[in-house]
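1. Here is the input, now give the coordinates:
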Amino acid sequence: MTPDKTSQFFDSYAVDFDAIYGGNVGLLKKIINRIFRKSMRLRFEKTIEECSGGEGRTVIDIGCGPGHYAVALASRGMRVTGIDFAPAMIEMANQKGAHAKVSDNCEFIVGDFIEYDFSHTFDYAVAMGFFDYIEKPNDFISKIISITRRKILMSFPRAEGFWPWQRRIRYKKRCPLYMYSYRQLDALLSPIDCRNYQIERISRDYFVIINLD
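-> Below is the predicted model:
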């Protein structure tokens with residue numbers, strides 16, 4: 001990973017990235033985002049569904065961006081810690097938490113997940129749209145497992161097809177991008193100390209669930 005280049009990109013991209021989830025944008029852009037960002041909507045809906053148990057559960061949102069997952073989960077009574085290395089994303093996440101009146105259930109940290117020393121473990125770990133920008137994911141997955149008690153939810157971008165090809169072109173001058181075939185993803189997960197995992201294809205992503213309890 002090249003954190004400086006990726007962090008700089010997401011710092012400058014924060015407002016547009018927030019709009020993908022249906023923020024303060026016009027109707028046309030909302031329609032375009034709904035059609036062409038289907039995978040992002042699906043993984044959001046699946047993540048909220050999978051994080052069950054409600055009030056009092058704890059969640060770590062890795063690469064939390066502007067806080068959509070964190071605020072949605074905090075609104076369901078969960079206590080969420082979001083971490084992202086782009087300060088502009090964390091600023092937006094704090095604003096979003098305050099607007100939703102869930103700041104008491106949210107903590108947002110500017111930092112590098114792999115370097116950060118967490119003082120406790122979490123019931124759930126969420127890493128959506130995170131591994132798109134991670135060159136060597138093994139250490140990250142091992143650390144996620146080490147701080148999670150119940151379930152890990154992750155997305156990995158698919159390498160096959162037209163859309164990944166055009167995305168590589170778009171990101172060529174933005175920041176490095178990493179994509180996976182099913183076989184590559186299975187090979188990545190199978191040696192790790194977690195036998196109970198599922199890989200599901202959803203639109204342009206693979207949605208991965210690791211059950212730990």
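
2. all helices for the chain, in order.
-> For the chain, applying DSSP state H gives helices covering 3-20, 27-36, 38-50, 68-74, 87-99, 138-146, 162-171, 182-189.

3. May I have the fifth one exported as PDB, CA atoms only?
-> Extracted in PDB, the C-alpha atoms of helix 87-99 (Å, rounded to 0.1, in the frame of the first residue of the first chain):
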ATOM      1  CA  PRO A  87      -8.800  13.400   8.000                       C
ATOM      2  CA  ALA A  88     -11.500  14.900   5.700                       C
ATOM      3  CA  MET A  89     -13.400  11.600   5.900                       C
ATOM      4  CA  ILE A  90     -13.300  11.500   9.700                       C
ATOM      5  CA  GLU A  91     -14.400  15.100   9.900                       C
ATOM      6  CA  MET A  92     -17.500  14.200   7.800                       C
ATOM      7  CA  ALA A  93     -18.100  11.100   9.900                       C
ATOM      8  CA  ASN A  94     -18.200  13.200  13.100                       C
ATOM      9  CA  GLN A  95     -20.600  15.700  11.500                       C
ATOM     10  CA  LYS A  96     -22.800  12.800  10.300                       C
ATOM     11  CA  GLY A  97     -22.800  11.300  13.800                       C
ATOM     12  CA  ALA A  98     -23.800  14.600  15.400                       C
ATOM     13  CA  HIS A  99     -26.500  15.200  12.800                       C
END
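
4. Show me what that helix is packed against.
-> Contact partners of helix 87-99 among helices and strands, from 3 or more CB pairs under 8 Å, 6 or more residues apart in numbering; DSSP states H and E: helix 3-20, helix 68-74, strand 79-84, strand 106-110. C-beta: built from backbone N, CA, C; applies to glycine.

5. The same query, at a cut-off of 6 Å, please.
-> helix 3-20, strand 106-110 (3 or more CB pairs under 6 Å, 6 or more residues apart in numbering; DSSP states H and E).

6. worst average pLDDT in these?
-> Of all the helices and strands packed on helix 87-99, mean pLDDT reaches its minimum on helix 3-20 (a mean of 60).

7. burial of I209, as a residue count?
-> A count of nearby residues for I209, using other CB atoms under 10 Å, gives 16.

8. Y133 now?
-> Neighbour tally, Y133, other CB under 10 Å: 23.
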